[in-house]
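A.B. asks: What follows is a predicted protein model with its sequence.
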Amino acid sequence: MLDEPTNHLDIETIDALCQALLNFKGGVLLVSHDERLITLVCDHIWYLNDNTVTVFDGDFEQYKKFLLKDMSEKSGIQLK
């Protein structure tokens, strides 16, 4: 399990981490706000909503659009 593994890392070290994760043959649970890391190394996106973990069926760009739509519907405010 990795919780925000890119905090306080420079670009070269983040690149090395990405390569190590891509070469790793096991499973990893990654919690991150780093869009680049998520896009490069994650095969699945899981999200927590209303005390339920759900697998998102799509890539990270689709997930961001889903979140904006969901937040917009819940708040009644049009988000872009």
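C.D. replies: Nice, thanks for sending it over.
A.B. asks: ok, and the closest non-adjacent residue to Leu48?
C.D. replies: Distance criterion C-beta to C-beta, 6 or more residues apart in numbering; nearest residue to Leu48, sequence neighbours excluded, is Thr54 at 8.0 Å. In short, each C-beta sits where N, CA and C put it, glycine included.
A.B. asks: looking at it, the one you found is touching Tyr47, isn't it?
C.D. replies: Yes - between Thr54 and Tyr47 there is a contact under C-beta atoms under 8 Å: 5.9 Å.
A.B. asks: about what we covered before: would you say the residue nearest to Leu48 is within a helix?
C.D. replies: No - if the criterion is DSSP: H, G, I helix; E, B strand; the rest coil, then Thr54 is strand and not within a helix.
A.B. asks: dump the residue contacts of Phe66.
C.D. replies: 56, 58 (C-beta atoms under 8 Å, 6 or more residues apart in numbering).
A.B. asks: circling back: Glu4 versus the residue nearest to Leu48, what's the distance?
C.D. replies: Applying C-beta to C-beta, to the nearest Å, the value for Thr54 to Glu4 is 21 Å.
A.B. asks: what does Asp34 give?
C.D. replies: 8 Å.
A.B. asks: Dead centre of this protein: give me the residue that sits there.
C.D. replies: Centroid-nearest residue in the chain: Ile38, 4.5 Å away (criterion: C-alpha atoms, centre = their mean).
A.B. asks: roughly how far apart are that residue and Phe60?
C.D. replies: From Ile38 to Phe60 the distance is 5 Å (C-beta to C-beta).
A.B. asks: so what sits against both of those two?
C.D. replies: Contacts common to Ile38 and Phe60, judged by C-beta under 8 Å, 6+ apart, are Ile45.
A.B. asks: In the protein, which helix is the longest?
C.D. replies: helix 60-75 (DSSP state H).
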